[in-house]
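[1] I'd like to go over a predicted model; first the sequence, then the structure.
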Amino acid sequence: MASFLRQRSVIAIAAVATLLLSACSQTANPTAGNQPAAPAAPPELVTAKTAFWPMYKAALTWNGDAETLRVSAKEIPGFKNQAGKAAMWEASFGSPSNHQYRVYTYSIAAAPPDIHKGVASGIALPWAGQTREAMPIDATVFNVDSDAAYRTSAADAAAWLAKNQDKPLSSVELGNTYGFKSPVWYVAWGDKKSGYIALVNATSGTLYKKK
């Protein structure tokens, strides 16, 4: 009988020791569920082509003959556009059959009440059709993205920028006119009175030299 009681006592002590060790282990190693969540990384600026395709698909849903008229970088509060990337891009699409155009935006973040995250569209407005100064952009030859166009433009403007460091980047825009007959990136610093403009072929990536 004494032997049986000693065995039970040993078993009870071992069980208590096991529970204590388990409690210590849990205290020293909290589960992942108790860990504070890591803060979400801020959204990153995007290039024009990243924003363009979702807007283009949305425009084709509006009308299958939608033509791209213009793509331009826009700003939203809390973000600084740089190196050919932007927090928001805006694109205009025209429908020849409807004689209408719509403006679409793609934003990496919301800024209520006017700016919505992702793709958003404006109302359809009357459109008289293309002109010599505003021709459709063929999406199949839109090869050069905005960041590449910026690098080419910045290299061309390097000497001017060194002397005008107070002049901010004022425009990164894709368009097409009769004079070029190919999509062209328009990259500008400063303003019309005191600024620098570079034009880059959006198909080949070559710089249009000033005459």
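    Sure thing, it's come through. Numbers count the residues shown, from 1 in each chain.
[2] If the residue nearest the centre of the chain is in a bridge, with which residues?
    The chain has Val46 as the residue nearest its centroid, 2.6 Å off, counting by C-alpha atoms, centre = their mean. Note on Val46: beta-bridge partners by DSSP bridges are Ala86.
[3] what's the pLDDT at it?
    On the pLDDT scale, Val46 is placed at 98.
[4] What is the least confident helix or strand in this protein?
    One helix or strand of the chain scores below all others by mean pLDDT, DSSP states H and E: helix 2-28, with a mean of 42.
[5] Check the closest residue to Lys167 other than its chain neighbours and give its pLDDT.
    The shortest distance from Lys167 to any non-neighbouring residue, by C-beta to C-beta, 6 or more residues apart in numbering, is to Gly190 (3.8 Å). Every C-beta, even on glycine, is put in place using the N, C-alpha and C of the backbone. Looking at Gly190, its pLDDT is 94.
[6] ok, now which ones touch Gly190?
    164, 167-168, 170, 196 (C-beta atoms under 8 Å, 6 or more residues apart in numbering).
[7] quick one: it from Ala159, how far?
    Look at Gly190 and Ala159: by C-beta to C-beta, to the nearest Å, they are 14 Å apart.
[8] and if you look at Asn98?
    47 Å.
[9] With neighbour numbers in mind, choose between the two.
    Asn98 (15 against 9; other C-beta atoms under 10 Å).
[10] Spatially, which residue comes closest to that one, not counting chain neighbours?
    Per C-beta to C-beta, 6+ apart, closest to Asn98 is Asn63, 5.8 Å.
[11] got the residue ranges for the strands in this protein?
    67-74, 88-95, 100-107, 118-121, 125-126, 169-175, 184-190, 195-201 (DSSP state E).
[12] Please work out the average pLDDT along the last one.
    This means strand 195-201. 96.
[13] got the CA positions of that strand in PDB?
    C-alpha atoms of strand 195-201 as PDB (Å, rounded to 0.1, in the frame of the first residue of the first chain):
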ATOM      1  CA  GLY A 195      10.700  76.300 -68.000                       C
ATOM      2  CA  TYR A 196      12.100  73.400 -69.900                       C
ATOM      3  CA  ILE A 197      10.200  71.000 -72.100                       C
ATOM      4  CA  ALA A 198      11.400  67.600 -73.400                       C
ATOM      5  CA  LEU A 199       9.500  65.500 -76.000                       C
ATOM      6  CA  VAL A 200      10.100  61.700 -76.100                       C
ATOM      7  CA  ASN A 201       8.700  59.300 -78.700                       C
END
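[14] Tell me what angle that strand forms with strand 184-190.
    160 degrees (axes from the mean of the first three to the mean of the last three C-alpha atoms, to 10 degrees).
[15] got it, and the second one?
    Angle between the axes of strand 88-95 and strand 184-190 is 140 degrees (criterion: the same axes, to 10 degrees).
[16] Adjust the sequence numbering to begin at 40 for everything that follows.
    All right, first residue 40 from here; so that's strand 127-134.
[17] hang on, the earlier thing: which one of the contacts of Gly229 sits closest to Phe91?
    For those, the closest approach to Phe91 (C-beta to C-beta) belongs to Ser209, at 20.8 Å.
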